[in-house]
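> Generate a structure from the sequence data that follows.
(one chain, ligands or ions: 1)
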Amino acid sequence: MQRYPRVEINTDKLFQNARVILETCRAEGIDVTAVTKVTCAHPVVVQTLVRAGCSSLGDSRLRNLRSIRKQAPEVELVLLRLPMLSLVDEVVRWADLSLNSDITTLRALDAAAGRAGTTHGAILMVDVGDLREGMWPDEVADICKEVRELPHLKVKGVGTNLACYGGVRPQEENMRALLESREVASGILGHPIDLVSGGNSANWLLVESGDMPDAINHLRIGEALLLGCESVERTCIRGTADDVFTVCAEVIEARVKPSMPIGDLGQDAFGNLPVFEDCGLHRRAIVAVGRQDAVPEGLRPQMKGVKILGASSDHMILDVENADGSVEVGDVLRFTVRGYSSLLAVFTSEYLSKVTV
Ligand SMILES: *Cc1c(COP(=O)(O)O)cnc(C)c1O
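Model (predicted):
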């Protein structure tokens with residue numbers, strides 16, 4: 001019995017994507033932490049990435065790190081979201097490395113590592129302009145003076161994150177600012193800092209063009225691996241597949257309706273005032289999948305001529321007037337997952353079953 005809606009994970013394509021990303025980065029002297037958070041660290045995704053040679057995995061949730069640790073005890077685990085002070089004991093238990101910007105948290109991690117009898121690795125996050133996480137470059141020296149006194153904490157790297165909140169593009173200048181922070185930090189800590197983590201999938205264009213400063217030797221990459229595109233212009237990455245994930249949903253209504261709603265128009269289910277174009281009577285279909293399961297703007301119908309008109313929580317409405325095949329109640333339509341927020345919803349929704357192909 002097939003259950004719908006569901007998402008199909010094409011493991012061959014994911015494997016291929018991981019190989020391309022790892023090899024391209026390796027040729028530029030860049031190590032990769034493969035980021036699993038958008039897929040909630042789904043076991044099939046984790047196993048495929050590990051099989052493709054990913055030896056470091058990153059996630060923003062401790063629950064996901066714990067599940068990866070159980071499946072793949074040998075891989076390095078990186079906690080991507082700044083640790084919560086209330087969870088430092090779990091952080092040192094499940095993560096080899098965490099990204100940090102706060103001295104109170106660093107002290108608490110040191111104490112937790114002491115209690116656990118281990119040393120915890122930290123990457124110091126520096127904000128070079130995107131205004132999400134990170135200390136200012138001029139704070140690095142003072143924070144390192146304090147970190148120097150923490151016996152169970154080892155600064156393994158410096159890092160930055162761009163193009164997430166502010167949409168700031170990774171460029172040579174902000175990468176150089178990060179490198180300067182590395183010099184300051186290693187000067188004060190008195191040991192070399194090997195890892196310089198320049199960012200995420202938004203850094204791909206720099207890698208490809210060869211404009212990444214040589215000293216940047218690490219990236220944390222999710223979207224590029226999973227969706228086969230970089231995240232500044234959302235262009236496809238050569239050699240990768242852009243259709244690793246496919247949502248399959250069943251048609252629950254199909255009939256001809258006007259393209260203009262009938263009656264006075266107020267807000268739709270999500271508080272928007274919808275706008276319609278009158279193109280007369282069209283054949284439409286409803287599939288049993290909604291915004292709770294996927295973001296319609298991030299889906300691409302695989303049947304030619306099918307157009308997504310919109311979606312509410314659990315209905316997606318399609319124009320199938322010009323569809324390349326017949327669309328009847330009970331048929332299953334397929335949609336390639338193209339958008340990051342759609343992929344996020346797909347894996348977070350419990351209502352979609354996850355299937356490997
Ligand atoms: C999510 C995340 C990444 C990965 O981002 P992608 O755009 O998916 O490559 C990297 N670093 C941090 C800190 C993140 O939170």
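
> Stretch 115-123 spans what distance, first to last residue?
21 Å (C-alpha to C-alpha, to the nearest Å).

> Pull the number of nearby residues for residue 50.
18 (other C-beta atoms under 10 Å). Every C-beta, even on glycine, is put in place using the N, C-alpha and C of the backbone.

> Please name the residues that touch the residue lying closest to residue 222 once chain neighbours are set aside.
Once flanking residues are discounted, residue 222 sits nearest to residue 35: 3.2 Å by C-beta to C-beta, 6 or more residues apart in numbering. By C-beta atoms under 8 Å, 6 or more residues apart in numbering, residue 35 lies in contact with 57-59, 80, 200, 220-222, 225.

> Quickly note the distance from residue 35 to residue 223.
Distance of residue 35 to residue 223, given as C-beta to C-beta, to the nearest Å: 8 Å.

> can you check residue 299 too?
16 Å.

> Report how many residues lie close to the residue of the stretch 251-357 of the chain found nearest the ligand.
Closest residue of the stretch 251-357 of the chain to the ligand, C-beta to the nearest ligand atom: residue 340 (6.9 Å). Around residue 340 sit 19 other residues, with neighbours defined as other C-beta under 10 Å.

> Counting neighbours, what do you get for the nearest residue to it once chain neighbours are set aside?
Once flanking residues are discounted, residue 340 sits nearest to residue 223: 5.6 Å by C-beta to C-beta, 6+ apart. Residue 223: 21 surrounding residues under other C-beta under 10 Å.

> tell me the phi and psi of residue 223?
Backbone geometry at residue 223, expressed as degrees, to the nearest 10, gives phi -50, psi -40.

> Show me where this structure has its helices.
Along the chain, the stretches classed as helices by DSSP state H are 11-27, 43-51, 62-71, 88-94, 103-116, 140-147, 172-189, 204-209, 223-227, 340-348.

> Make CSV from the ones you listed and add mean pLDDT to it.
Output for these, formatted as CSV (pLDDT from 0 to 100):
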stretch, mean pLDDT
helix 11-27, 97
helix 43-51, 98
helix 62-71, 97
helix 88-94, 98
helix 103-116, 98
helix 140-147, 98
helix 172-189, 95
helix 204-209, 93
helix 223-227, 97
helix 340-348, 96
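
> how far away is the residue nearest to residue 222 from residue 198?
14 Å.

> if I pick the residue nearest to residue 340, what's in contact with it?
Residue 223 neighbours (C-beta under 8 Å, 6+ apart): 38, 200-201, 229-231, 340.

> again with residue 299
Neighbours of residue 299 in contact, by C-beta under 8 Å, 6+ apart: 247, 308, 335-339, 342.

> Okay, and the beta partners of it?
When assigned by DSSP bridges, residue 299 has beta-bridge partners residue 337.

> ok, it to residue 253 distance?
Residue 299 sits at a distance of 18 Å from residue 253 (criterion: C-beta to C-beta).

> So residue 290 is in contact with residue 313, correct?
Yes - counting by C-beta atoms under 8 Å, residue 290 does reach residue 313; the two are 4.6 Å apart.

> Tell me which of those two has more neighbours.
Under the criterion of other C-beta under 10 Å, the comparison of residue 290 against residue 313 puts residue 290 first, with 22 against 10.

> Nearest to the ligand: which residue in this structure?
residue 222 (2.6 Å).

> ok, that residue - how many residues close by?
23.

> Please tell me I have it right and it contacts residue 200.
Yes - counting by C-beta under 8 Å, residue 200 is a contact partner of residue 222 at 6.8 Å.

> Would you map the strands across the stretch 251-357 of the chain?
Remark: strands assigned in the stretch 251-357 of the chain by DSSP state E, counting those that start in this stretch are 281-287, 299-301, 307-311, 316-319, 332-337, 353-356.

> This completes my enquiry, with thanks.
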